[in-house]
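Asker: Here is a sequence together with a model predicted from it:
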Amino acid sequence: MTIPSHHEHKDHAPGSIGCLVITCSDTRTPETDTSGRLIQKLLEGQGHTVAAYHIVRDEPEQIQFRIAQGTASDVVQAIIVNGGTGISRRDSTFEAVSEMLEKRLDGFGEIFRFLTYQEIGSPAIMTRATAGILNGRVLFSIPGSENAVRLAMEKLILPELGHLVRELTK
């Protein structure tokens, strides 16, 4: 018996994933949320669907409420949260997300920080990007800068999104 390679797994992955995009920011509006728009553009460019998009203040209750709404929706298979992953006093997204996760995908944060280190050097240690599983959905929490969004989406999230959802539905 031959065990399928990760390429064969990806071949059987769904081509279109329903996604929820959440921007955590005390200052962004739909007009100024360039990172949230970039996530949506990159998802749609790969054939995925943006089922919902929200901007919330960097308040744990608001973040968790929107995530819970997403996990209750049949059309949402993946949630991408951007912003609030740093270490400033107001950055609370990591805590809000991490306490909800049922399973963690530690490799996501580790590889994201490695790739960030390759681009910007030692400031990469300040990001608390994370990912995991919640209620049968994959959830990513990434920094809110456009460069960080592009890096996370192009190098990690988009290449594995269908594969991750396939694994969750097996």
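Answerer: That came in fine, so what should we check first? Numbers count the residues shown, from 1 in each chain.
Asker: Poorly predicted segments of the protein, please.
Answerer: 1-11 (pLDDT under 70).
Asker: what about the longest helix in it?
Answerer: helix 106-120 (DSSP state H).
Asker: I'd like to check which residues are in contact with the most centrally placed residue in the chain.
Answerer: Centrality entry for the chain: nearest residue to the mean C-alpha point is Phe140, 2.5 Å, by C-alpha atoms, centre = their mean. Phe140 is in contact with 78-81, 108, 129-131, 152, 157, counting by C-beta atoms under 8 Å, 6 or more residues apart in numbering. Any C-beta I mention is one placed from the backbone N, CA and C, and that applies to glycine too.
Asker: Please tell me how far the residue nearest to Gln40 when sequence neighbours are not counted sits from Leu158.
Answerer: Spatial nearest neighbour of Gln40, excluding adjacent residues (C-beta to C-beta, 6 or more residues apart in numbering): Val50 at 4.9 Å. Distance of Val50 to Leu158, given as C-beta to C-beta, to the nearest Å: 13 Å.
Asker: anything in contact with each of the two?
Answerer: Leu43.
Asker: Unless I misread the structure, Val149 falls within a helix.
Answerer: Yes. Under DSSP: H, G, I helix; E, B strand; the rest coil, Val149 falls within a helix.
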